[in-house]
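Q: Build the 3D model from these lines:
(chains A, B, C and D)
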There are 2 protein chains.
Amino acid sequence: MARTTLSTSDERRTATVDAAIAAFADAGYHGTTVADVAKRAGISPAYVFKLYSSKGAVFVAALDRCFDLVVAALEHGVESTVDHSPEGVLDAMGLAYAELIADRDLLMLQVHAQSATDVAEIRAALRRGYERVTEFAGSRSGATPEQVQRFLSFGQLCHLVATLGIDESHGGWERVVAAGIRHPAASDRP
Amino acid sequence: MARTTLSTSDERRTATVDAAIAAFADAGYHGTTVADVAKRAGISPAYVFKLYSSKGAVFVAALDRCFDLVVAALEHGVESTVDHSPEGVLDAMGLAYAELIADRDLLMLQVHAQSATDVAEIRAALRRGYERVTEFAGSRSGATPEQVQRFLSFGQLCHLVATLGIDESHGGWERVVAAGIRHPAASDRP
DNA sequence: TTCGTGAGTGATTCATCACTCACTCAATTG
DNA sequence: CAATTGAGTGAGTGATGAATCACTCACGAA
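A: Next up is the predicted model:
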């Protein structure tokens, strides 16, 4: 069990996924090299290909993990709900999601995934992810389809606000777009 | 090569922008080469760089034109409004926008622009575009900031629906996400 | 007819990137 | 100890892509 230098491949794999989330969040799928990912993970590019079959597979692993975290956050939101009406549960989920994406990486990864749907495996992973979120939000809140749709819609608005780099502190049109949305970059822990 | 009749550089420029919209809509900024754009425009890659200073400048020109068309569509929506209440005007704008993005290219270009905000000039162009849309929707409808925000939010949901490639005709979770949104791919033009 | 200018390109440069392979070294097992 | 396995990498390779440049050709004016 001596792990001074060597590590297990599973440990490296999760480290690689963490690195991939950060790297792909920065520059998207086509704008990121596996050398970027490898550097952040502290391993060589060659070893990334030992752990994953292709660059696309790395991205998919990162995206899957991203949606794992999203669903977990929603779950956490449900558990902390006091008002158990559908609206109350959706609000709690929204709050939990807002907290999760405070670090911006998980949010940008979703944005970039939407822009990489020309890669079939990524499109499939993205659909899986939104399927999970939609099913979870619907079944655990008991809300109507319209309410769930509005919930998702507001999430998408958050993504726009983050990519534009605006928040409530702006005036004029930016305030209209970003009203009620705390900018992810502003780091104040709740 | 095929020596066609000479044309003015302005004509080539608009042809290049049209080609750029289609090309970038397919594979995004980093996933598209200027050779792709040139091929669609029927000119050589070298000439694209005579017309525009860089690949980024081509994308920005395409994005600017995209928002020109969006604002023009909203304007057209306003003009065809019968119910002149804020809600009525916003609804008319939404319908006009839905018609505009029926061809999917203008929609995907916006999605890909959101994913290319690491390029400063593209981020600036995107902000300019959403500024125009937000100001226009707000001032011409007289709606509250909240109503305008919801209008934008629904637009973003349309983008998600298009990238996921789903529409109302699906069942289950897809129907929840896409309710009320006609899929852009379904091409039924009169 | 000659000149000047603008349209348009082929060939090239220089960098980057996804992916491969032969290899080393550390640890476990018998 | 010898043998085997698994972690990990350096050094490539072939392909591609952004950008440049020297050039040709069309055409209108003098």
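Q: Longest helix in chain A, by number of residues?
A: Longest helix of chain A, by residue count under DSSP state H: helix A:55-79.
Q: show me where pLDDT drops low in chain A?
A: Across chain A, the ranges flagged by pLDDT under 70 are A:1-6, A:183-190.
Q: Mind doing that once more with 80?
A: Low-confidence regions of chain A, defined here as pLDDT under 80, cover residues A:1-6, A:182-190.
Q: in which helix or strand would I find the residue nearest the centre of chain A?
A: Note on chain A: the residue nearest the mean C-alpha position is A:L106, at 2.9 Å, using Cα atoms, centre = their mean. Counting by DSSP states H and E, the element that carries A:L106 is helix A:105-114.
Q: near chain B at all, that helix?
A: Yes. Using Cβ under 8 Å from any Cβ of the partner chain, we find that helix A:105-114 touches chain B at A:111-112, A:114. In this view, the C-beta of every residue, glycine as well, is placed from N, C-alpha and C.
Q: for that helix, packing partners?
A: Under the contact definition 3 or more Cβ pairs under 8 Å, 6 or more residues apart in numbering or on different chains; DSSP states H and E, helix A:105-114 sits against helix A:9-27, helix A:55-79, helix A:120-141, helix A:145-164, helix B:105-114, helix B:145-164.
Q: Pull up the residues of chain A that are close to DNA strand D.
A: Contact residues (Cβ under 7 Å from any atom of the strand) of chain A with DNA strand D: A:5-9, A:12, A:42-47, A:50.
Q: related to what we said a few turns ago, from the residues of helix A:105-114 next to chain B, which is closest to DNA strand C?
A: Set against DNA strand C, the nearest of these by Cβ to the nearest atom of the strand is A:H112 (13.4 Å).
Q: can you pull the contacts of the closest one?
A: The contact partners of A:H112, by Cβ atoms under 8 Å, 6 or more residues apart in numbering or on different chains, come to A:24-25, A:28-29, B:115.
Q: Kindly identify which of these also come near DNA strand C.
A: Okay, of these, nothing touches DNA strand C (Cβ under 7 Å from any atom of the strand).
Q: DNA strand C: which of the residues you listed is nearest?
A: Nearest to DNA strand C among these, counting by Cβ to the nearest atom of the strand, is A:Y29 at 8.5 Å.
Q: so how far is B:I166 from the closest one?
A: Applying Cβ to Cβ, to the nearest Å, the value for A:Y29 to B:I166 is 21 Å.
Q: One more: A:A23?
A: A:A23 is 29 Å from B:I166, where distance means Cβ to Cβ.
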